[in-house]
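Participant: just the structure for this:
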Amino acid sequence: MALLPTLRDGDAMTSAMASVSPQAGTEIFERILAAPSGLVVLDSKDVHALIDQFRAIARHTGQAVYLWQPDTGLGSLRDAHARVPDCQRLGNALRYMQQSMHFGVYFLLGLELPLSAMDATLLRQLARAPKEHLRRVVLIDAPAALAEHLGELAMRLSSEDSQPRRLRLRDGRWLV
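Facilitator: Residues are numbered from 1 along each chain as shown. Okay, the predicted model is just below:
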């Protein structure tokens with residue numbers, strides 16, 4: 001008699017999905033939403049895993065989360081096949097973000113320098129966006145020169161924690 005339970009196909013799928021913990025992605029997402037600036041520069045060691053975690057958050061919460069890449073344009077992370085029309089070029093995507101009156105988190109991946117003067121101006125305007133419209137534009141692994149150019153307009157985040165976590169036990173549960 002086997003002591004270990006056997007995995008059926010559905011169980012194997014569930015355990016594979018559970019191996020990628022969205023907790024780190026959730027914490028980063030919450031820090032992005034709490035950012036004082038409309039523009040965030042995010043450094044990450046594993047970009048694809050982080051995007052997968054953001055995709056899971058978007059599907060779970062139903063929030064409007066988008067990803068722009070040079071080869072695919074602007075698309076929804078919640079609905080994999082939903083693309084925003086006419087947002088292949090960075091400038092068009094930035095104008096779309098600026099004109100949107102709804103909540104949205106927009107991840108930009110694969111930015112290359114030099115940016116056009118108009119694109120740089122749009123990024124600065126998005127950083128100064130009014131607070132009544134919660135909109136965050138997140139530059140993932142942006143070139144260092146662009147991050148330096150944006151300076152104080154953009155909040156810098158890292159997917160790696162800068163402080164070690166101190167766990168404590170409360171009511172039989174470990175808390176951070």
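
Participant: can you tell me the centre-most residue of this structure?
Facilitator: Phe107 (5.2 Å; Cα atoms, centre = their mean).

Participant: helix, strand or coil for it?
Facilitator: Three-state assignment for Phe107 (DSSP: H, G, I helix; E, B strand; the rest coil): strand.

Participant: His102 too?
Facilitator: Assignment for His102 (three-state DSSP): coil.

Participant: that one and Val41, how far apart?
Facilitator: Going from His102 to Val41 by Cβ to Cβ, to the nearest Å gives 23 Å. C-beta coordinates here come from the backbone N, C-alpha and C atoms, glycine included.

Participant: ok, now Ile28?
Facilitator: 13 Å.

Participant: mutual contacts of these two, please.
Facilitator: Between them, Ile28 and Val41 share these contacting residues under Cβ atoms under 8 Å, 6 or more residues apart in numbering: Leu157.

Participant: any idea which element Met118 lies in?
Facilitator: helix 117-127 (DSSP states H and E).

Participant: strand 104-109 and the longest helix belonging to the chain, what's the angle between them?
Facilitator: In the chain, assigned by DSSP state H, the helix with the most residues is helix 47-61. Compare the direction of helix 47-61 with that of strand 104-109 by axes from the mean of the first three to the mean of the last three Cα atoms, to 10 degrees and you get 160 degrees.

Participant: what is helix 47-61 packed up against?
Facilitator: Helix 47-61 sits against helix 23-33, strand 65-69, strand 104-109, strand 135-140, with contacts defined as 3 or more Cβ pairs under 8 Å, 6 or more residues apart in numbering; DSSP states H and E.
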